[in-house]
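Undergrad: Show me the folded form of this:
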Amino acid sequence: MKTDLLLIPMSARYRDMRAAALAAEEAGFDGLWTWDHLRDPDGGGSGPGVPEAWTVLTALAEATRRISLGPLVLNVANRHPGVLASMAATLQAVSGGRLLLGIGAGGSRRTPYAAEQQAIGQPVAGDAVRAGKVVEAIELIRKLWSGHAGFLKPEPAPPIIVGGFGPRMAAIAGRYGDGFNTQAMHPKLADLARIARDEHAKSARNPDDFVLTAFSGLDERWLQPDSRARQTLERLNVARLILLTEPPYDPDQIRRAGRMLTSPR
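TA: As a prediction, this is how the structure comes out:
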């Protein structure tokens with residue numbers, strides 16, 4: 001199971017995100033992610049704001065050399081899927097094939113993130129409508145990635161990992177995507193994994209290519225290879241564990257975490 005780091009962007013500064021990314025790559029982490037949010041719901045307008053995910057990832061693609069990069073996850077309402085297809089193909093070229101394309105339906109009306117959508121003039125539809133937009137986005141992205149009408153074709157096509165917390169999004173991830181992301185401590189993680197994999201099998205694609213990822217906080221129990229927490233995920237064939245860290249990031253802490261992952265026990 002690979003271990004990745006996610007840089008929470010709320011009130012972060014790019015220079016600190018870059019330093020944390022370099023520390024993560026040096027420490028041996030396998031991937032680097034950030035959230036796709038535009039404002040800090042807890043910032044009260046007094047903080048430095050929230051760096052935009054895609055711009056940060058593009059800059060980090062130049063700053064790093066080995067580590068995989070991805071958004072966890074892009075709200076498909078924020079970027080037209082046709083434009084996103086070209087953006088992703090471009091970042092795949094810039095990064096040398098290191099992109100993991102996480103997409104999702106965005107926050108519901110019940111979440112604090114609905115306000116950021118409203119602030120940029122984006123209505124927040126119901127769950128079923130937003131889920132349908134994810135399917136439409138994936139279908140258009142794949143069409144354009146095939147080289148349709150002269151659009152940039154990524155080489156290779158990055159995996160599309162769909163984020164969600166319930167059976168509807170797990171099924172969409174399996175049927176249309178290449179992977180599913182949810183909480184590592186989700187009480188129904190095994191059920192969601194089964195739904196996603198069953199749907200993927202029905203789509204007549206190679207089940208070995210499906211990527212299950214899970215996220216949690218940066219905690220020592222996730223860093224010990226023989227811990228019960230990690231072993232639980234490994235029994236479910238989770239491919240990537242994504243650990244969240246918030247600003248101000250501590251590069252030394254990131255390096256220590258990497259040493260725990262790679263030290264023999």
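
Undergrad: Report the next helix or strand after the lowest-mean-pLDDT helix or strand in the chain in sequence order.
TA: The helix or strand of the chain with the poorest confidence is helix 114-119; it has a mean of 88 (mean pLDDT, DSSP states H and E). Next in sequence after helix 114-119, counting helices and strands by DSSP states H and E, comes helix 127-145.

Undergrad: in that next one, what counts as buried?
TA: For helix 127-145, burial by neighbour count (16 or more other CB atoms under 10 Å) applies to 130-131, 133-135, 137-138, 140-141, 144-145. Any C-beta I mention is one placed from the backbone N, CA and C, and that applies to glycine too.

Undergrad: that older thread, run the chain-centre distance for the least confident helix or strand of the chain.
TA: The offset between the C-alpha centroid of helix 114-119 and the centroid of the whole chain comes to 21 Å, using CA atoms, centre = their mean, to the nearest Å.

Undergrad: so where's this protein shaky on pLDDT?
TA: For the chain, residues meeting the criterion pLDDT under 70 lie at 44-46, 263-265.

Undergrad: Apply 90 and report the result again.
TA: Along the chain, the parts satisfying pLDDT under 90 run over 39-49, 107-116, 118-119, 122-123, 147-149, 204-208, 224-226, 259-265.

Undergrad: quick one on the thing from earlier: in the least confident helix or strand of the chain, what's buried?
TA: Buried positions in helix 114-119, judged by neighbour count with 16+ other CB under 10 Å: 114, 116-117.

Undergrad: ditto for stretch 247-258
TA: Using 16+ other CB under 10 Å as the burial criterion, the residues of stretch 247-258 that qualify are 247, 249-251, 254, 257-258.

Undergrad: any residues touching it, and which ones?
TA: For stretch 247-258, contacts defined as CB atoms under 8 Å, 6 or more residues apart in numbering pick out 5, 7-13, 16-17, 19-20, 22-24, 26-29, 218, 223, 243, 245.

Undergrad: Please consider this matter closed, and thank you.
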